[in-house]
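**Q** Got a predicted structure here, sequence first:
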Amino acid sequence: MVDTKSPGDKTLSVPTKTLTLKPRVETGTVRQSFSHGRTKQVVVEKRGKRRAGGEGPAEAPHAPEPVVAKAAPPRPAAPLARPAAPPAPPRRNSGVVLQTLTDDERTARASALADARVRDIEERRLAEEEARRRNSKEGIEQAEREAAEARRKAEEERHRQDEEAKRKAELEAKKRFGEAEAKTAAAAKAAAAPAARAPGVAAEATDEDEGPRQIRRGPGGAVRPAVPPKTTAKPAPQKQRGRLTLVTALTADDVRERSIASFRRRTQRLKGHQSNEPKEKLIREVVIPEAINIQELANRMSERAVDVIRLLMKQGAMHKITDVIDADTAQLIAEELGHTVKRVAASDVEEGLFDVVDDSSDTEPRSPVVTVMGHVDHGKTSLLDALRHANVVSGEAGGITQHIGAYQVTSPESGKKITFIDTPGHAAFTAMRARGAKVTDIVILVVAADDGVMPQTIEAINHAKAAKVPMIIAINKIDKPDAKPERVRTELLQYEVQVESMGGDVVDVEVSAKNKTNLDKLLEMVALQADLLDLKTNVSRPAEGTVIEAKLDRGRGPVATVLVQRGTLRVGDIIVAGAEMGRVRALINDQGVTIDEAGPSVPVEVLGFNGPPEAGDRLAVVENEARARQVTSYRAHQKRENAAASISGMRGSLEQMMSQLKTTGRKDFPLIIKADVQGSLEAILGSLDKLGTEEVMARILHAGVGGISESDVTLAEGFNAAIIGFNVRAHKEAAAAAKRNGIEIRYYNIIYDLVDDVKKAMSGLLAPTLRETMLGNALILEVFNISKVGKVAGCRVTDGTVERGANVRLIRDNVVVHEGKLSTLKRFKDEVKEVQSGQECGMAFENYGDMRAGDVIECYRVETIQRSL
């Protein structure tokens, strides 16, 4: 309150209002809706707008003038652009004292007015831009309306021309078919016309495209403009237009409207349906595997699966979209639809893995690979020991070789290296000998001079002929006094092996491994034969080889003995062998030395496989792990399919198994076999398979490489099987579990001991043979009926003897009436053990009394004989 005082006047209290530059702002929130059900909450501000020139209820800013104490008559608001008037001096009016403003207040008011003028100029500029934008938008809309009207008129003109052509065709038809039909049609049209007219409405013929136009006439015949007909379509809800304020946002209904993207999609869809232009056919090259489902085939052809199924139905085959069809059917469908076909097979992943032709300019000579073969105990390993200056024989169990070995020997004369492969001579190791013959260049056939040609010698000759490799005959043990080399040469002629000394082309050398006689000559013959073969290969290419042997070492993991045949194998290479893959972690040569790389004809132990490969698998180096996984997955799948096929063929259905059991009565001898290497395991399985007969056979539940584990004991417990370990031992936990569960574990280190024990055990399952031995015959003379005993036959022994407790047959008129046993055999009143021929006796049967005089009693003994395999 401001107090104004003057002498002689009353004191008045004038209220003052605080001046501020802040605009009036009302805030609130509103929820916006978007497409796909999305919403967003935003803040809305409503600002009070200052209007110029006194328009609207807004008040114009007052000029800086003194504040009066009482209300003055309303004056028109001054324009905002008017310059500020200088402050007026205070004056007296009707006794009211006016107070002038201070300099600070005047300065503040002047700056506020200047800011207001700047804001007003900016708002005017924005309003002008908004008007220009609105005008341009209206112009665009007007142009669009004019274009739409032009298109509509063109469509009407085309429709009118079509109707004109149709009317001319009707006139020509009337001229051709006579006026009678025309009059009938005109009468029908005239009868229908009055019904269509309403009272007060005249139908006037206009252009044919619009039909009769109705013209409404008023009183006095004045023509009124036609009212457009009412439409039955409901008006669509109109969008609320205008400025979004707090009030309109809060009062509007939350209605989900169609988004712009949805409207565009609908437009494109309608355009697609309306366009009748045929799409361009896409011709593709379709890759078809051995089997493919219909959905995948349709995707590869860019066709609809429905069309594929329709073609199959035309061929008489009903299929679903997920059915798998063969490659031939898929090719017919693809060619029917106009596509080209490229047939592929699952085995294509192995293409380019082996047998890639080398460039002859990059080849270098390599060492020969020599396989030593022959009968057991003919001195093969001793001969190699003499060449290598080693003593392998002393470490072999039973004095026989049961593993295949690979060694390198340096020739003392030429200095070249020769790779020797030692094969077992036992009959069970046929697969090992065949494997050695496949990877070799030369075969040395060792024959003992004192023993001659034996069965495994003949088998080695057949392997060498099948592999088409040259042979060198080494006649060993010539130092023995009973050695006869000429007999060996003569026996070889029976098997089409003719040595040079007898006019043939096969080299023969008489050697003695014990006295090291003629060993240098044997190496010379090998080197000469290698020179004739001209062995060359590419050293710089990726390595290829063959797995000679594989085992599972507890400390080193899977270990494979590999003979590199082509290229160079290096540490770090990614390798594939059979269904196993890996990366080479280490290479160990035959001397136990770790090396970085192995060239052609070099035998090495390879560490780094994921699992032990099969003996005889081919090894190859691939470029990456993805290729290795493809190859191994394909091979593992093939291996599983083959195993499943063999099992299903062996087992058959349940009915087949039961009928086979009834007819054959075959018994199984369950076994679990663990060996040290794959070759020994292969030989054991082959030997046990040969033991099987129609009555009993060995059923191998599990066979693997490595020590006996707890899982093996658990499996044996479930099937009540025996566990056999060949050159392996059970783990500590497995041994304890086997002892606790009563599972028998047998260890062997000689293969024929293992085979003999299994043969004896299987023989125990055979049913024994029953054999009858005739004792004698007796003739019944009289039958006596004795109380408390029954009927007793008085007999005379005609031939042989009759024993108490023996089996008897009662024969009447040459027909066997009864078979049983004697319960009583008496001579006079005494029980006797036997009655000789010509003597009389009394006999009674067990549980049988129908005996007559003249019957013959045949007495015999049944003997049980145990069978063996």
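**A** Perfect, I can see it now. Numbers count the residues shown, from 1 in each chain.

**Q** going forward, measure contacts and count neighbours with C-alpha atoms only.
**A** Fine.

**Q** Assign a three-state SS to Leu445, would you?
**A** Classification of Leu445 using DSSP: H, G, I helix; E, B strand; the rest coil returns strand.

**Q** In contact with it, which residues?
**A** Each residue near Leu445 by C-alpha atoms under 8 Å, 6 or more residues apart in numbering is listed here: Val372, Met373, Gly374, Thr457, Ala460, Ile461, Met471, Ile472, Ile473, Ala474.

**Q** what's around Phe354, how many residues?
**A** 14 (other C-alpha atoms under 10 Å).

**Q** Can you give the distance of the longest strand belonging to the chain from its chain's centre?
**A** Identified as the longest strand of the chain according to DSSP state E is strand 769-786. Averaging C-alpha positions (C-alpha atoms, centre = their mean, to the nearest Å) puts strand 769-786 76 Å from its chain's average.

**Q** Helix or strand next in line after it, which one?
**A** Under the assignment DSSP states H and E, the closest C-terminal helix or strand after strand 769-786 is strand 790-800.

**Q** which strands and helices sit next to that next one?
**A** strand 769-786, strand 840-845 (3 or more C-alpha pairs under 8 Å, 6 or more residues apart in numbering; DSSP states H and E).

**Q** returning to that earlier point: out of the contacts of Leu445, list just those in strands.
**A** Secondary structure defined by DSSP E assigns Val372, Met373, Gly374, Met471, Ile472, Ile473, Ala474 of those to strands.

**Q** Contact partners for Ala464?
**A** Applying C-alpha under 8 Å, 6+ apart to Ala464 gives the contacts Ala437, Val443, Pro470, Met471.

**Q** I'd like these as TSV, with distance to Arg489 and neighbour count appended.
**A** Listed next are those as TSV, based on distance: C-alpha to C-alpha, whole Å; neighbours: other C-alpha atoms under 10 Å:
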residue	distance to Arg489	neighbour count
Ala437	22	27
Val443	17	27
Pro470	17	18
Met471	14	25
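
**Q** those strands in the stretch 401-550 of the chain, which residues are they?
**A** For the stretch 401-550 of the chain, the strands defined by DSSP state E, counting those that start in this stretch occupy 405-410, 417-422, 442-448, 471-476, 507-510, 536-538, 544-553.

**Q** how about a markdown table for those strands, with mean pLDDT added?
**A** Below are those laid out as a markdown table (pLDDT from 0 to 100):
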| stretch | mean pLDDT |
| --- | --- |
| strand 405-410 | 80 |
| strand 417-422 | 86 |
| strand 442-448 | 90 |
| strand 471-476 | 91 |
| strand 507-510 | 90 |
| strand 536-538 | 85 |
| strand 544-553 | 88 |
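
**Q** Between those, which one is closest to Gln41.
**A** The minimum distance between Gln41 and the strands of the stretch 401-550 of the chain falls on strand 544-553, with 69.2 Å, by C-alpha to C-alpha.

**Q** what residues does the helix or strand that comes right after the closest one touch?
**A** Sequence order places strand 557-566 as the next helix or strand after strand 544-553, per DSSP H and E. Outside strand 557-566, the residues that touch it by C-alpha under 8 Å, 6+ apart are 537-539, 541-553, 598-613, 619.

**Q** which of these are buried?
**A** 537-539, 541-552, 598-609, 611-613, 619 (16 or more other C-alpha atoms under 10 Å).

**Q** Need the contact partners of the longest strand of the chain.
**A** Against strand 769-786 from outside (C-alpha under 8 Å, 6+ apart): 791-803, 837, 851-867.

**Q** re the thing from before, and of the helices and strands packed on strand 790-800, who's closest to Glu496?
**A** Of the helices and strands packed on strand 790-800, the one closest to Glu496 (C-alpha to C-alpha) turns out to be strand 769-786, at 45.7 Å.

**Q** for the record, mean pLDDT for that closest one?
**A** Averaging pLDDT along strand 769-786 gives 88.

**Q** Specify the angle between that strand and strand 790-800 in degrees.
**A** Relative orientation of strand 769-786 versus strand 790-800 (axes from the mean of the first three to the mean of the last three C-alpha atoms, to 10 degrees): 130 degrees.

**Q** Show me what counts as buried in strand 769-786.
**A** Neighbour-count burial for strand 769-786 [16+ other C-alpha under 10 Å]: Leu775, Gly776, Asn777, Ala778, Leu779, Ile780, Val783.

**Q** Next one: the last one relative to Val758, how far apart?
**A** Using C-alpha to C-alpha, to the nearest Å, one obtains 56 Å as the distance from Val783 to Val758.

**Q** Kindly report the same for the fifth one.
**A** Using C-alpha to C-alpha, Leu779 is found at 51 Å from Val758.

**Q** where does stretch 614-626 sit relative to the chain's centre, distance-wise?
**A** Worked out by C-alpha atoms, centre = their mean, stretch 614-626 lies 20 Å from the chain centre.

**Q** er, stretch 439-455 actually
**A** The answer for stretch 439-455 is 49 Å, by C-alpha atoms, centre = their mean.

**Q** now do stretch 378-388
**A** On C-alpha atoms, centre = their mean, the centre of stretch 378-388 falls 50 Å from that of its chain.

**Q** Can you pull out the residues in contact with it?
**A** 372-374, 391-393, 401, 409, 420, 422, 446-448, 476-477, 512-514, 516, 519.

**Q** Can you lay out the buried residues of strand 769-786 as a markdown table showing distance to Arg566?
**A** Formatted as a markdown table, those follow (distance: C-alpha to C-alpha, whole Å):
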| residue | distance to Arg566 |
| --- | --- |
| Leu775 | 77 |
| Gly776 | 81 |
| Asn777 | 83 |
| Ala778 | 87 |
| Leu779 | 89 |
| Ile780 | 92 |
| Val783 | 96 |
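
**Q** Looking at these, which one is closest to Arg666?
**A** Among the buried residues of strand 769-786, Leu775 lies closest to Arg666 (C-alpha to C-alpha), at 34.7 Å.

**Q** among the strands of the stretch 401-550 of the chain, which is nearest Gln591?
**A** Per C-alpha to C-alpha, nearest to Gln591 of those: strand 405-410, 8.3 Å.

**Q** what about burial for the contacts of stretch 378-388, which qualify?
**A** Buried subset of the contacts of stretch 378-388 (neighbour count, 16+ other C-alpha under 10 Å): 372-374, 393, 401, 409, 420, 422, 446-448, 476-477, 512-513, 519.

**Q** Pull the most distant pair out of the residues you listed.
**A** Largest separation among the buried ones among the contacts of stretch 378-388 by C-alpha to C-alpha: Val409 and Ala448, giving 22.8 Å.

**Q** what residues are up against Val602?
**A** Going by C-alpha under 8 Å, 6+ apart, the list of residues near Val602 reads Gln408, Thr419, Leu563, Val564, Gln565, Asn589.

**Q** and with 6 Å instead?
**A** Applying C-alpha atoms under 6 Å, 6 or more residues apart in numbering, we find Val602 in contact with Leu563, Val564.

**Q** how close does it sit to Leu383?
**A** Using C-alpha to C-alpha, Val602 is found at 20 Å from Leu383.

**Q** try Lys791
**A** Distance from Lys791 to Leu383, by C-alpha to C-alpha: 83 Å.

**Q** out of the two, which sits in the more crowded spot?
**A** Leu383 (24 against 18).

**Q** Would you mind naming the helix or strand containing the more buried one?
**A** Assigned by DSSP H and E, Leu383 belongs to helix 380-388.

**Q** For that helix, buried residues please.
**A** Using 16+ other C-alpha under 10 Å as the test for burial, helix 380-388 gives Lys380, Thr381, Ser382, Leu383, Leu384, Asp385, Ala386, Leu387.

**Q** What's the per-residue pLDDT of the fourth one here?
**A** Per-residue confidence at Leu383 stands at 87 (pLDDT).

**Q** In the stretch 201-350 of the chain, where is pLDDT below threshold?
**A** Applying pLDDT under 70 to the stretch 201-350 of the chain flags the ranges 201-257, 272-279.

**Q** mind listing the strands for it?
**A** 201-204, 213-217, 223-224, 285-288, 291-293, 324-326, 340-343.
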